[in-house]
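Sequence plus the predicted model coming up.
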Amino acid sequence: MEKNSFTLLETLISLLLLSVIVVGFSKYSYYENFDEHFMLLNNLENSFTTNSYSSSFIKESKKITIIINDSELKKQKVEKISYKDDKVGLFKYEIN
């Protein structure tokens, strides 16, 4: 006759291997600092939304030319607010 069910030993070995794999992935995951990255992005989003920029933001005034209907030129003064670090780079234009 053939064996149709797992023995207790086979079940324990399978659970041990599965737990080693799960723990290994959870400890050495790429997203180990996910909470820190989320907090940084959340703070940056709040700064851009409320226009309250800290010293880590760079402000530049620029003049851009807008072409309307291939003929009309309009010059507009804008301010570029940017943030850059090792992992995140963001910028926003505001019309003056």
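That came through fine. Numbering: from 1, shown residues only.

What strand or helix carries I66?
Counting by DSSP states H and E, the element that carries I66 is strand 58-68.

all helices for the protein, in order.
Ranges of helices in the chain, per DSSP state H, are 8-27, 34-50.

if you compare those helices, which one is most tucked away?
Neighbour counts (mean count of other C-beta atoms under 10 Å) averaged over each of the helices of the chain peak at helix 34-50, with a mean of 12. For every residue, glycine as well, the C-beta is placed using N, CA and C.

helices or strands up against that one?
Applying 3 or more C-beta pairs under 8 Å, 6 or more residues apart in numbering; DSSP states H and E, one finds that helix 34-50 makes contact with strand 72-84, strand 89-95.

correct me, but L90 touches F48?
Yes: contact criterion C-beta atoms under 8 Å: L90 and F48 qualify, at 7.3 Å.

doesn't H37 make contact with K87?
Yes: if you go by C-beta under 8 Å, K87 and H37 touch, sitting 7.3 Å apart.

how deep is V78 tucked in, by neighbour count?
Using other C-beta atoms under 10 Å, V78 has 14 other residues around it.

Look at the residue lying closest to it once chain neighbours are set aside and report its pLDDT.
Excluding its sequence neighbours, the residue lying closest to V78 (C-beta to C-beta, 6 or more residues apart in numbering) is Y93, at 4.9 Å. pLDDT for Y93: 88.

Relative to S26, how far out is Y93?
Applying C-beta to C-beta, to the nearest Å, the value for Y93 to S26 is 41 Å.
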